[in-house]
Every structure is written in C-alpha cells, then in structure tokens.
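1. just need the structure, nothing else, for what follows:
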Amino acid sequence: MMESAPDSALNILRQVHTDDHLMPDADKALYGLLLFQALDKNKLTLKPDSAINFSIEYYQNENDKPHLANAYFYKGRMYKNAQHYDEATLLYLKALDNFESKKNYILLGKIYADMGDICSIQMDYNVSREKYQLSVDYFNLAGEPIEASYRILDIGRTYRLEKKYKAAQKIFLKALTKTNDSVFSGVAFQEIGINYYWAKQYDSAQFYLRKSIQFPYESTNYAIRCYQLADLYFDVEQYDSAYLYATIALKYPANFFTQRECYRVLANTEYVKGDFKQMAHYMTNFQSCTDSVRKVEIQTKSTVLEGIHQTSQNAGKSKQYFQILAWLLPLIVFLSLIILIRLRKRNKGKEQQLDLVEEELNLKQTLLSEKQSQLSEKQIQLIEKHSLLKANLISKIEDTRLLYVSEYKTATLVRREQMDLELYVSCLYIDDWKKFAPLMNHTFNNIVSVMETSYPDITHKEIIWSCLFLLNTPTSKILLLLDYKTDSLYKLKQRMVQKMSLNNAKELDIVIKELVEKNNQ
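-> All right, here's what the predicted structure looks like:
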C-alpha cells in the first residue's frame, strides 16, 4: 500500500504497538523504516527519531547495507526538513557508502536531489547542478519521468539564482514538454513567473504567477507563489494586493526564507500606509526569521563535508594498505637476508670493507658510551624520570580516548570536537591553570615556572601551546583546545618568537625542547 495509498499505509503503521516486548528486533527495525517512508510520502514531519535510530543501530549490527542505506536517507531527510543541512549531508554520504547495488535508482535519485537542494541553498550552484543531473539520470533509469522533470526545474532554478535568466527560461520550457502532470505544470509556471519577475518583466511574471495559482500544489509551493505575487504587486505599487497575497502566503507551509520575505513586504506596505505601529510588529517577525536564516547560512557547506568524508574514506583505504604492508614486511626482510647472504658469498672481496664499517660503528658506540658515562647517575635518572612521566601522560590521554572510541566513530563532527575537548580537559586540566601548571611542571621539570621566569611577557595560552607541543599533540587538536584558527596559531608563534628573541618558528620548536633538556642536566 506504500506506493498506491501511503495515507492508508501510515494509518496502519500507527496502530502497531512497538513497545510490545514480544516484537522481534528485526520487526521493530523494519517498522521504523516503513514509518519514516510513510511519513515522507504523506509530506509529514519525520518523527520520532528514536524509531529510525533503532533501525539504523539494528541494520548496522546486522551489516544489512541495503536497509541501512534507506534508514540513513530518511534520517538525513529529517535533518534536511529541519534545515540542519550539515547533519543531513553527512547522513546522505553514509547512505551512499552503504549501497551494494547501484540499481536502486529511485533512492539514488532522491539522495542526489536532496544534496542538490542543499548545495543550491548554500550557493554552490555548479556542484548543485551536478547533483541534480545525477538525480535526473537515476529517475529516468527508474522510469520516473515526473520526478526527473522536477529535477530539471531545479537545474533551471540554479541558473536563475545566478541571474542567467535566458538559460533558466530555456530549461523551464524544456521541462514543461516532459510531462502533463498538473502539479508539475503548476510548479513549472511558478518558476517561469519568478524568472520573469527577477528579469523585471512584470506583465509576463504576473501572467504566469496568477496562472500557477490555479494549479494544485504540494509542500511550500503555494506560499511561494503568493509571496512572489505580493512582491510583484508591491513593486508596481498595488499595495492592497501586495498585502493580501503576503498575508495569504503566511497561512500556508513555508520555510524561513519565504516567511522572512512576506514580513518584509508587509512591513514595507504598512510603512507606505503610514501605520508605523503595525510596521514595527512585522519588522520584529522579519528579524526573527532573519535570525533563523542566519543559523542555516553559517552551517558547514555540503561540499566541505563531502570533501572531509572523501578524505576519511581514503584514510580508511590507506589503513588497509598499511595492514597489508605489515604482513608483507617480515617476508621482505627474510628475502633481503637471503639475498644479502648470497651476495656476501659471491663478493668475498667486500668483507674487508664491511669490517671497516663495523670498526667505525664500534668506535662511535665507544664514544657514545664515554659521553653517557660523563653524566652523573642522578642526571640520568632525572632524564629517564621525565621521559617516563611524558610517556605516562600521553598514554593516559590515549587510554581515555579508547573508552569512547565506539561513540566517537558514529558521532557528528561537532560532537567529535566536543568529545576531544572534554578528553583534554579531563586529562590535562586545560581549563584550570592552577591544576594545569603544576601538572606540566611535574611532567617537564618546571617548564612553566622556567618560561614565566625567563620570559615575563609570556602568556598562559603561549605556555599551554608549548606544553601541548611537547606532548606531540596534533595541530588540529591544538587549534580546538585554544579555540584558534590556523592563522591565529601562526600569529601566536610569531609573538613568542619576538618575546624570546628568536629568528623564526623553527628555532622556537628547538628552544622549547632545549629548555626541558637543560633543566634535566
């Protein structure tokens, strides 16, 4: 019934009692997947997320990739509908990772369509068109010409957003020839009308927008049509009509962008009428929507997340190569020894040269032993002590990290950063100087006290960086712990170079290590 009568399918699913302990986990997982599919087909909010989360966890444990790909898609669409585009993108990428068969054309078409929408909103129009074209191709392979036609409209919309109105118009007219579906025709006339309006051809824009209102609609399309008419009427100074259509648009489902623009039209209309009190009311709503839009705009771009995801995939492959290499290495060493032995038998004349090399190595070993003997037993013990303290502290950090490794693997990018921050706070007391300074003094033989005494202008953040550097902390973690960007860290090191009267940052690294070594001696 899901395809022919999705409303009936949803009604049946809502009568299922999933809290029944007798229901097998496999049925619960399938229930969550079907529920989200039915909600999506009925254009309803995808809730509760606990249902789809159970499905994802179950299919992960069972390594059921086909069902897992579907579950990731619907959870991604839940975040997309909530305008959390960064979370949605990561889930779509996970869905693509779990495709075992590329013949699920409909699901692939939906994923690339949604990713195209996100890229378009984030103004990555070239990438957006690539995603939409993939979606068109997959929907055509699936025998879904109407869905493919919608994606063609989406491609035309990206050209309009780039103010390439002629190119957009050509694509909109092409899409109209693909199907006679009435809902699609309404959307096509809507896009043609908006395109004319942006090109300031108001008569044609009004004709097509009014025509689009006569067709059936889905989702936020009716609000968009009414808002565009309101904006057009305001521009041609028909303020009563502008007010009417903006008010109508707000009565229908709309995103923050459309709502914001409706309040703008209403505020401007009241200003023209001289009703400043009502204008202030609409301006307040306009500002509220603007704040919501900004939250969307500051999200990490889909293209960036896709690049990070691809890098992670490549890193996983590299790890596999290293594992293979670890197995091959002993064999290579063994073969090398055999070759060496045979070469030695064939080239007896080189034995004298090998003896000379051996004597030279023995001489160097003797000199090294003499140099070490010059150190007092107490100094050697001190060096070993602080080396051990450093190793123990690094080991503590890694052991603590292992406690949360399973959660870390499935966490979002934001949650991973939060977990990293909590890790270093708990192990190093980064946020508590009174605890951090004694710990570092103990580990690195009074490094904090020496730096504060030798360089009075040195700051706490500069000392923290020095200690993190001595602990071999990755640069990405240092940036997170100091709440810095790359250029900020560069400036910090340059300031330290000046305060310590050094020549460059490379010399800074050497001097910090020498401070610890000199204190040990």
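
2. distance check, residue 400 against residue 426.
-> 7 Å (Cβ to Cβ, to the nearest Å). For glycine as for every other residue, the C-beta is placed from the backbone atoms N, C-alpha and C.

3. what's the answer for residue 86, then?
-> 27 Å.

4. which of those two has more neighbours?
-> residue 86 (20 against 12; other Cβ atoms under 10 Å).

5. quick one: buried residues of the helix or strand hosting that one?
-> Using DSSP states H and E, residue 86 falls within helix 85-97. Neighbour counts over helix 85-97 (16 or more other Cβ atoms under 10 Å) mark 85, 86, 87, 88, 89, 90, 91, 92, 93, 94, 95, 96 as buried.

6. just the CA atoms of the helix or strand where residue 406 lies, as PDB, please.
-> Counting by DSSP H and E, the element that carries residue 406 is helix 405-410. Written as PDB, here are the backbone C-alpha positions of helix 405-410 (Å, rounded to 0.1, in the frame of the first residue of the first chain):
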ATOM      1  CA  VAL A 405      36.100   5.100  20.600                       C
ATOM      2  CA  SER A 406      32.800   3.400  19.600                       C
ATOM      3  CA  GLU A 407      30.700   6.600  20.300                       C
ATOM      4  CA  TYR A 408      33.400   8.700  18.600                       C
ATOM      5  CA  LYS A 409      33.200   6.700  15.300                       C
ATOM      6  CA  THR A 410      29.400   7.300  14.900                       C
END
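
7. can you name the element that comes right after it?
-> According to DSSP H and E, the helix or strand after helix 405-410 is helix 413-428.

8. what is the orientation angle of that following helix with helix 85-97?
-> Relative orientation of helix 413-428 versus helix 85-97 (axes from the mean of the first three to the mean of the last three Cα atoms, to 10 degrees): 100 degrees.

9. and helix 413-428, what does it pack onto?
-> Judged by 3 or more Cβ pairs under 8 Å, 6 or more residues apart in numbering; DSSP states H and E, helix 413-428 is in contact with helix 377-403, helix 405-410, helix 475-482.

10. can you list contacts of it?
-> Contact with helix 413-428 is made by 86, 90, 300, 305, 308, 393, 396-397, 400-401, 404, 407-408, 411, 430-431, 436, 439, 467, 477, 480-481, as judged by Cβ atoms under 8 Å, 6 or more residues apart in numbering.

11. then stretch 36-54?
-> Contacts for stretch 36-54 (Cβ under 8 Å, 6+ apart): 2, 6-7, 9-10, 13, 18, 28-29, 31-33, 35, 70-71, 74-75, 77-78, 81, 218-219.

12. tell me where the model's unsure across this structure.
-> Applying pLDDT under 70 to the chain picks out residues 20, 101, 292-323, 325-326, 344-386, 518-521.

13. before we move on, back to that, dump the buried residues of helix 85-97 into JSON lines; add distance to residue 514 as well.
-> Below are these laid out as JSON lines (distance: Cβ to Cβ, whole Å):
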{"residue": "85", "distance to residue 514": "49"}
{"residue": "86", "distance to residue 514": "44"}
{"residue": "87", "distance to residue 514": "47"}
{"residue": "88", "distance to residue 514": "50"}
{"residue": "89", "distance to residue 514": "46"}
{"residue": "90", "distance to residue 514": "44"}
{"residue": "91", "distance to residue 514": "49"}
{"residue": "92", "distance to residue 514": "51"}
{"residue": "93", "distance to residue 514": "46"}
{"residue": "94", "distance to residue 514": "47"}
{"residue": "95", "distance to residue 514": "52"}
{"residue": "96", "distance to residue 514": "50"}
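
14. tell me the one of the residues you listed nearest residue 244?
-> residue 85 (33.0 Å; Cβ to Cβ).

15. what helix or strand does the closest residue in space to residue 245 that isn't next to it in sequence sit in?
-> Once flanking residues are discounted, residue 245 sits nearest to residue 230: 3.8 Å by Cβ to Cβ, 6 or more residues apart in numbering. For residue 230, the host element (DSSP H and E) is helix 221-235.

16. next helix or strand past that helix?
-> helix 239-249.

17. quick check: buried residues in that next one?
-> Buried-residue list, helix 239-249, by 16+ other Cβ under 10 Å: 239, 241, 242, 243, 244, 245, 246, 248, 249.

18. residues touching the first one, list them.
-> Which is residue 239. Taking Cβ under 8 Å, 6+ apart, we find residue 239 in contact with 233, 269, 272, 273.

19. can you do 7 Å?
-> 269, 272, 273 (Cβ atoms under 7 Å, 6 or more residues apart in numbering).
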